[in-house]
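Novice: Sequence and predicted model, in that order:
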Amino acid sequence: MPVFRTGQILASNNPRLCLLPDEVQRWGSILNPTNGGINSISQCAGRIGGQVTTCQSIQGQENGGLPDNCEIITNTLYLDMTNNNTDGKLQYITTIYGHLYIRSTNTSKISFPALERILVSDIITPTWEDPAVLFDKNGNLSTIEFPKLTR
């Protein structure tokens, strides 16, 4: 298998391009100008303390197992219990790296006011044919809001 090796990454000054804290640790030496890289990618700015808050969802737990103030979900987001109280859980989420499953809830409204992207990268897994967003068995759900999700 070919291996790509480089001592330099040329990156644009795109203000929408940034690295998460773990990506800075992983790629920082390549992006560091002292190693010949061009450090034109900034660390993503978050709402709390200047750093982005990343979280993972846990299937079968209330509110998907999310803490408050999560901004980026690094796996599929599961809201799949009947007793979800999503106050403070969904309002700051900007990106989901995985599917969004909302199943068997008793809530009447689901709102993701800051969600801009849902990025599904399954190649061939048990969920690869699933839609990016799945609503199933939500008998009381009457309002769904994604005001910043445009494509």
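Specialist: Perfect, I can see it now.

Novice: how's this structure carved up into domains?
Specialist: Per automatic domain parsing, the domain ranges recorded for the chain read 18-43, 46-151.

Novice: lowest-confidence stretch among the ones you listed?
Specialist: Lowest mean pLDDT within these: domain 18-43, a mean of 60.

Novice: Can you show me the helices along this structure?
Specialist: For the chain, the helices defined by DSSP state H cover 21-31.

Novice: Wait, residue 116 touches residue 146, no?
Specialist: No - look at residue 116 against residue 146 with Cβ atoms under 8 Å: they stay out of range, at 9.2 Å. C-beta: built from backbone N, CA, C; applies to glycine.

Novice: joint contacts of these two?
Specialist: Among the neighbours of residue 116, none is also in contact with residue 146 (Cβ atoms under 8 Å, 6 or more residues apart in numbering).

Novice: in this structure, which spans are strands?
Specialist: 18-19, 42-43, 45-48, 51, 54-55, 72-73, 77-79, 95-96, 100-103, 109-111, 117-118, 133-136, 143-145 (DSSP state E).

Novice: most tightly surrounded among those strands?
Specialist: Mean neighbours per residue, mean count of other Cβ atoms under 10 Å, is largest over these for strand 77-79, with a mean of 26.
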